[in-house]
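no FASTA, just this:
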């Protein structure tokens, strides 16, 4: 992590140096062009609107931090997140300025989300935290996000790119698509105490159908009709920040935003527990019900015969079919917060200067 951060810092310093060098070249070229235009000046009118003078493009590099909000947060509050699970990300962007106050930005971002009941929930909170602690689920999701957003500045740029505003707050809103593949670390043994071949590995949860997505459920089951969730997710990015002009060709951005995902399965967690006997493998059963790994008091356990004829012993309220045995909360989709610092380099202007003849 240290070497990665050092490499990013070196790259940003290189871009800043490149920007200063480019500024010097722009100024020298500008002087030559102005001298040439003055010598050929014939006093003709401009033939293009002034709005065209504000159009230019830029490329950018960002370092990001991601925070997860969802069913595996410390509490049931929509604003609950575990700051200790903040994860890094990196992004590449392309901006096209379309006016004095707005721009379009396309961005690719790679980052990671993380959550853990045992590490985040307060087991001394008998009203909420203890339930999450006993659930004992966890996940990691490395995402690839592609977004297209509109950036709207608070301060209007009344000049061209060279004389753009020194700094301005901005807001943004757009659409994003991301790949989602939640995983969890497999324990050493299955529910019967037998060694798991996948022990110690990060196991993809979607193919397991931990809430009965690939199982034959009865019409009276709490999760009846459940379907496998998609690897591809749509989201709405929105947020606010501020941009600072460093040189004629470099801008520094800083913003905080959210991604509202159109799924509740960034964490593989949404609905009820199912009868463990309907799941398709020992690994699926092990990753669906993990309360037994906590070695809680046996006084709160109960046993039932699953639909596969096997007897399962689980904590009451967990790991068995019942409308009250909630695994997640299906009413709220997942979100994640992205905090970004971005450096952009102006590629040049597309504005049309007046022609002198």
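That came through fine. Quantities reported herein were computed from a predicted structural model and do not represent experimental measurements.

Isn't residue 209 up against residue 284?
Yes - contact between residue 209 and residue 284 holds when scored by C-beta atoms under 8 Å: they sit 6.2 Å apart. All C-beta atoms are positioned from the backbone trio N, CA, C, and that covers glycine.

ok, and the closest non-adjacent residue to residue 292?
residue 191 (6.5 Å; C-beta to C-beta, 6 or more residues apart in numbering).

what do you get for residue 136?
Leaving aside its sequence neighbours, residue 136 sits nearest to residue 290 (C-beta to C-beta, 6+ apart; 4.5 Å).

Next, give phi and psi for that neighbour.
phi -120, psi 10 (degrees, to the nearest 10).

Could you measure from it over to residue 139?
Going from residue 290 to residue 139 by C-beta to C-beta, to the nearest Å gives 11 Å.

Which one's more surrounded, these two?
A direct count of neighbours by other C-beta atoms under 10 Å for residue 290 and residue 139 places residue 139 higher, at 25 against 21.

Okay, buried residues for the helix or strand hosting that one please.
Using DSSP states H and E, residue 139 falls within strand 138-153. Buried residues in strand 138-153, counting neighbours by 16 or more other C-beta atoms under 10 Å, are found at 138, 139, 140, 141, 142, 143, 145, 147, 149, 151, 152, 153.

so how far is residue 155 from residue 115?
Relative to residue 155, and taking C-beta to C-beta, residue 115 is found at 39 Å.

For those two, indicate the residue with more neighbours.
Set side by side, residue 115 and residue 155 show more neighbours around residue 115, with 27 against 15, by other C-beta under 10 Å.

so is the more buried one in a helix, a strand, or just coil?
For residue 115, the assignment made with DSSP: H, G, I helix; E, B strand; the rest coil gives strand.

Renumber starting at 19 from here on
Noted, 19 is the first residue going forward, which turns the last one into residue 133.

Which parts of the stretch 269-375 of the chain are helices?
Taking DSSP state H, counting those that start in this stretch to define them, one finds helices in the stretch 269-375 of the chain at 300-306.

just for it, where's the confidence low?
Applying pLDDT under 70 to the stretch 269-375 of the chain flags residues 366-375.

which ones are touching the residue nearest to residue 310?
Counting by C-beta atoms under 8 Å, 6 or more residues apart in numbering, residue 209 touches 294, 300, 303, 304, 307, 310, 330.

Residue 287: which of the residues you listed is nearest?
Proximity to residue 287 was ranked across the contacts of residue 209 by C-beta to C-beta; first place goes to residue 307, at 12.5 Å.

Skipping its backbone neighbours, what lies nearest that closest one in space?
residue 337 (3.6 Å).

what about the one you found, how many residues close to it?
26.

I'd say it and residue 311 touch.
No - using C-beta under 8 Å as the test, residue 337 is too far from residue 311 to be in contact (11.7 Å).

Tell me where the stretch 119-268 of the chain has helices.
Here the stretch 119-268 of the chain has its helices, by DSSP H, counting those that start in this stretch, at 135-138, 147-153.

Output those as JSON lines; include the columns distance to residue 91, mean pLDDT and mean neighbour count.
Listed next are the helices of the stretch 119-268 of the chain as JSON lines, based on distance: least, C-beta to C-beta, whole Å; pLDDT from 0 to 100; neighbours: other C-beta atoms under 10 Å:
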{"stretch": "helix 135-138", "distance to residue 91": "7", "mean pLDDT": "96", "mean neighbour count": "19"}
{"stretch": "helix 147-153", "distance to residue 91": "8", "mean pLDDT": "95", "mean neighbour count": "20"}
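
Of these, which is nearest residue 355?
Minimum separation from residue 355 across the helices of the stretch 119-268 of the chain (C-beta to C-beta) falls at helix 135-138, 15.5 Å.

who wins for most neighbours among the contacts of residue 209?
Highest count within the contacts of residue 209 by other C-beta under 10 Å belongs to residue 304, 27 neighbours.

Wait, that residue touches residue 206, no?
No - using C-beta under 8 Å, residue 304 makes no contact with residue 206, being 10.2 Å away.

can you list residues touching both of these two?
residue 214.

Please give me every residue in contact with the closest residue to residue 153 other than its chain neighbours.
Using C-beta to C-beta, 6+ apart and skipping residues adjacent in sequence, the residue nearest residue 153 is residue 135, 5.0 Å away. Applying C-beta under 8 Å, 6+ apart, we find residue 135 in contact with 90, 150, 151, 152, 153, 154, 155, 156.

And the last one, how close does it get to residue 199?
Going back to what we said before, that points to residue 156. Distance from residue 156 to residue 199, by C-beta to C-beta: 15 Å.

likewise the fourth one?
Spatial separation of residue 152 from residue 199 under the definition C-beta to C-beta is 26 Å.

now the second one
Summarising the geometry, the distance separating residue 150 from residue 199, computed by C-beta to C-beta, is 23 Å.
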